[in-house]
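1. how would this look folded up:
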Amino acid sequence: MKKILFLIAIISFYFMMGKVVSDTQMIPKEAIRIRVIGNSNEERDQQLKLSIKDELEQYYYHQLKDVKGVSNASAVIERSLPTVEKLIANQLGNQDFSIHYGMNYFPQKEYKGITYDEGYYQSLVVTLGSGNGKNWWCVLFPPLCLLENNQMEEVEYRSLVADMIEKYF
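-> Numbers count the residues shown, from 1 in each chain. Okay, the predicted model is just below:
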């Protein structure tokens, strides 16, 4: 009987903690965002936006993976802007684009059940052409989206409940 009560307590705790964690997943206060805005919503422009996004993710993964602290990350990003400009220009050819690093406006966004407030945030924003298309954004530092896309094979997911059942039963 004690084992069953213990199991019920563990399962209840697991679900309560899952609710707390999902409700509190927020972007850290000292974070740097990245946003790529498409020229338009036409298929070609959106594919180009995603191509630029992929290029920036790969580049910044290597630049920021070992950086400690937001001020160091900001310095790395600022120094990288000429290189990033060349990377984008090589992909776009003669299409106009702009890059702005600093305080940029982000609209309200809901992602995975979490609503992120609109406002001005420290960020790198790349606008392709007229910037009238859908955008992609993520957290550049700490490198949340960069890790998500570059280290998925290194992440091991485990279940607290399964581990406790295995341990005690």
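2. For the rest of this, base every contact and every neighbour count on C-alpha atoms.
-> OK.
3. Mind splitting the protein into its structural domains?
-> The chain is divided into the following domains under automatic domain parsing: 2-23+160-168, 29-154.
4. hey, least reliable of these by pLDDT?
-> Among these, domain 2-23+160-168 has the lowest mean pLDDT, at a mean of 55.
5. if we can go back for a sec, which of the domains of the chain is buried the deepest?
-> A comparison of those by mean neighbour count, using mean count of other Cα atoms under 10 Å, puts domain 29-154 on top with a mean of 16.
6. so how far is that domain from its chain's centroid?
-> How far domain 29-154 lies from its chain's middle: 9 Å, per Cα atoms, centre = their mean, to the nearest Å.
7. so where do the helices sit in the chain?
-> For the chain, the helices defined by DSSP state H cover 2-24, 43-64, 70-92, 144-150, 160-168.
8. which residues are contacting the third one?
-> So that's helix 70-92. Contacts to helix 70-92, defined as Cα atoms under 8 Å, 6 or more residues apart in numbering, come from residues 30-32, 48, 52, 55-56, 63-64, 67, 95, 99, 101, 141-142.
9. I'd like to check the angle between that helix and helix 43-64, please.
-> Calculated by axes from the mean of the first three to the mean of the last three Cα atoms, to 10 degrees, helix 70-92 forms an angle of 140 degrees with helix 43-64.
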